[in-house]
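Q: Sequence first, predicted coordinates after that:
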Amino acid sequence: MFQNLTSEVDAIEGIGPKTKSQLNTHNIHTLLDLIAESPGELHEKVDGLASEEEIRQWLNMAAFMQMDAVSGQFAEALIKGGVKSISEIALKPKAQLEEIFNNASSNRIIPEAPNSDTIFEMIREATILTFSQTYLGKLIDESGNAVANASVKVYYQQATTNSNGYFRLFGLMSSEDKLLIQTEEGVHHCFDGYPISRYADNIQVDFLELNSESEVAQEFLSEYDGHTLPPTGSYPIRTNTTKTDDLRKGDLFLVRSIKPEKNEITLQSIYNEFDGSQFTVQLFKYPMEDLNITIAERDYVRLHFGKLKKVKGDRSMVKYWKQIHRIHKDSSMTSNKTIKLIS
């Protein structure tokens, strides 16, 4: 989705070389730049090269081209066929869309009507955009300049800002989810409470200023090294599995699974890591033949003089184990790394 938005503005039928050049002088190069503009602003910038009605049609065509299955010519055919929104495409019967494209082909608006698979794909993408929540934003620095080539992520939805700082996300669940940004320089930022739109046809630009108040100041934190991590609820979690019999001294492990048929147990460290955008949970595969105690799933163990030893307690005790470990680590750490999360 949104692959077409990187296309040059002349991918829109009706924008010729002269109009494209005029738009480029105002730093409008791609379809993403185009849809971020209001009709009135565009009318002023094209300086009489197009009417307000033509400009509204350009914006509608650019909106349709958020769908990868809709080319510039197909977007024009939809406009000429009276379609004015993405939600109309989602709700129209396939036969009606086929009729629109067949008429456009007969009238030589398009050289050939799309096949059934392409029309089905248009309906599918239009449905996703109609019934999902979307967000169009622009990243700026403290001086108001656009921030290009920054990675923007909400859970598994990800985009990269273009040369004007614009990005487009879809399939979002809630504006309370953390919006995580990493600039080209590797600086992390964190936002929440941003305004997401219920429908993809409602295209409004939100400006996000990257300043120290929203900065994630530390790129890598490890509870094993004694750091305090942010709450896990608002970040994606990645699992990192290592097959080893060389466990970390001082680590505390939860027994996740016991598999005699594979001659191994899976141990999960209670000490997690955080890289500014996601947590990592360490899992270790340990050979059963090296086990010298009787344990069950959900037990806790630690390394004691090179052997695993069962630890008394349950999940409710984990935060206290972490606190004790952190106090011990703090006394021997040469530097105290911290994280600042302000949104």
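A: All right, it came through fine.

Q: Neighbours of residue 325, how many?
A: 19 (other CB atoms under 10 Å). No exception for glycine: its C-beta is placed from N, CA and C like everyone else's.

Q: Tell me which residues are up against the helix or strand hosting it.
A: For residue 325, the host element (DSSP states H and E) is helix 318-330. Here helix 318-330 makes contact (CB atoms under 8 Å, 6 or more residues apart in numbering) with 223-228, 250, 252, 270-271, 313, 336.

Q: Could you pull out the buried residues of that helix?
A: Buried positions in helix 318-330, judged by neighbour count with 16 or more other CB atoms under 10 Å: 321-322, 325-326, 329.

Q: before we move on, what about stretch 42-50?
A: Residues 42-43, 45-46, 49-50 are the ones in stretch 42-50 that count as buried (16+ other CB under 10 Å).

Q: Then stretch 160-177?
A: Of all the residues in stretch 160-177, those buried under the rule 16+ other CB under 10 Å are 161-162, 164-170, 172, 177.

Q: got CSV for those residues, with distance to residue 260 too?
A: Shown next, in CSV, are the buried residues of stretch 160-177 (distance: CB to CB, whole Å):
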residue, distance to residue 260
161, 52
162, 55
164, 59
165, 56
166, 55
167, 50
168, 51
169, 46
170, 46
172, 44
177, 41
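
Q: Among the buried residues of stretch 42-50, which ones are in helices?
A: Using DSSP state H, the members of the buried residues of stretch 42-50 that fall in helices are 42-43, 45.

Q: circling back: pull out the buried members of the contacts of helix 318-330.
A: 223-224, 226-227, 252, 270-271.

Q: Pull the most distant pair out of those.
A: Pairwise distances among these were taken by CB to CB; the largest, 15.9 Å, belongs to 227 and 252.

Q: Point out where the stretch 101-250 of the chain drops to low pLDDT.
A: 156, 198-199, 216-219, 233-234, 245 (pLDDT under 70).

Q: List the buried residues for the helix or strand hosting residue 308?
A: Assigned by DSSP H and E, residue 308 belongs to strand 307-311. Buried residues in strand 307-311, counting neighbours by 16+ other CB under 10 Å, are found at residue 308.

Q: Would you mind writing the CA trace of it as CSV?
A: Extracted C-alpha coordinates of strand 307-311, given in CSV (Å, rounded to 0.1, in the frame of the first residue of the first chain):
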residue,chain,number,x,y,z
LYS,A,307,25.1,-25.4,37.9
LEU,A,308,21.4,-24.5,37.6
LYS,A,309,19.7,-24.0,41.0
LYS,A,310,16.0,-23.8,41.6
VAL,A,311,14.8,-20.4,43.1
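
Q: Quick one: mean pLDDT for that strand?
A: Here strand 307-311 scores 87 as its mean pLDDT.

Q: Report how many residues lie close to the closest residue to residue 276 other than its chain neighbours.
A: Leaving aside its sequence neighbours, residue 276 sits nearest to residue 188 (CB to CB, 6 or more residues apart in numbering; 3.8 Å). Applying other CB under 10 Å, we find 20 residues neighbouring residue 188.

Q: cool, residue 205 as well?
A: 14.

Q: Isn't it up against residue 139?
A: No. With contact defined as CB atoms under 8 Å, residue 205 does not reach residue 139; the gap is 11.1 Å.

Q: Quick check: the nearest residue to residue 36 once chain neighbours are set aside vs residue 150, distance?
A: Spatial nearest neighbour of residue 36, chain neighbours left out: residue 205 (4.9 Å); criterion: CB to CB, 6+ apart. Relative to residue 150, residue 205 is positioned 16 Å away (CB to CB, to the nearest Å).
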